[in-house]
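Visitor: Pasting the sequence and the predicted coordinates here, then a few questions.
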Amino acid sequence: MTRVTSKRVSLSPPVWKNQLRQRCLQRHKRDRRQVLLRLRQPGACMSLSDEMEQLVAKEQHEASLLLDANASVDDLHFSGRLQESDYLSIIHALEDSVCQEILEEKVEKWDEELRLAERMVELEDAELEAMLDGMNITEEPQRVLQAIAKRQQPNLL
């Protein structure tokens, strides 16, 4: 096996790296100078303070929205952001919803118990029928009833 190795002519970085580094430094210095010139202008302080005020107002507004989203109905009512009538309608709607869920759960439970009872009756009937078939009792009562009926017929005449 032959091994191919790449050989560098010198240990210094390639020329393009130095050029890229120089251009980046120049761009950085130029951008920094432009920022400093803008800050030193007479109206710059006002615009910066205005921007800061706008930023603070925006952050406060977002925090307020987040707080409102996480606030409970009681918190909104006690802070005065929710009127009494709205508060009561929300509470009544929640109570109605809870009552409806409880009723639905009871109906489902009752239906399940009814299905279980019906299934138990079916199984008991099947078990009783199988037991009677095994003992041949189903034919016996019919013969006994027929014999009793024959005995009673002559007495009726």
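Guide: Everything's here; your move.
Visitor: residues contacting residue 25?
Guide: By CB atoms under 8 Å, 6 or more residues apart in numbering, the contact list for residue 25 is empty. Where C-beta positions appear, they are placed from N, C-alpha and C, glycine not excepted.
Visitor: count of residues packed around residue 59?
Guide: 10 (other CB atoms under 10 Å).
Visitor: whoops, residue 17 was the one
Guide: 10.
Visitor: Test for you: state the pLDDT assigned to it.
Guide: For residue 17, the pLDDT comes out at 81.
Visitor: now swap in residue 108 and tell me
Guide: Looking at residue 108, the pLDDT reads 95.
Visitor: For residue 27, what is the enclosing helix or strand?
Guide: Residue 27 belongs to helix 15-40 when assigned by DSSP states H and E.
Visitor: what's the angle between the helix or strand that that helix is followed by and helix 15-40?
Guide: Using DSSP H and E, the helix or strand that follows helix 15-40 in sequence is helix 44-70. Interaxial angle, helix 44-70 versus helix 15-40 (axes from the mean of the first three to the mean of the last three CA atoms, to 10 degrees): 90 degrees.
Visitor: for the longest helix along the chain, packing partners?
Guide: Counting by DSSP state H, the longest helix found in the chain is helix 84-135. On a contact count with 3 or more CB pairs under 8 Å, 6 or more residues apart in numbering; DSSP states H and E, helix 84-135 meets helix 73-78.
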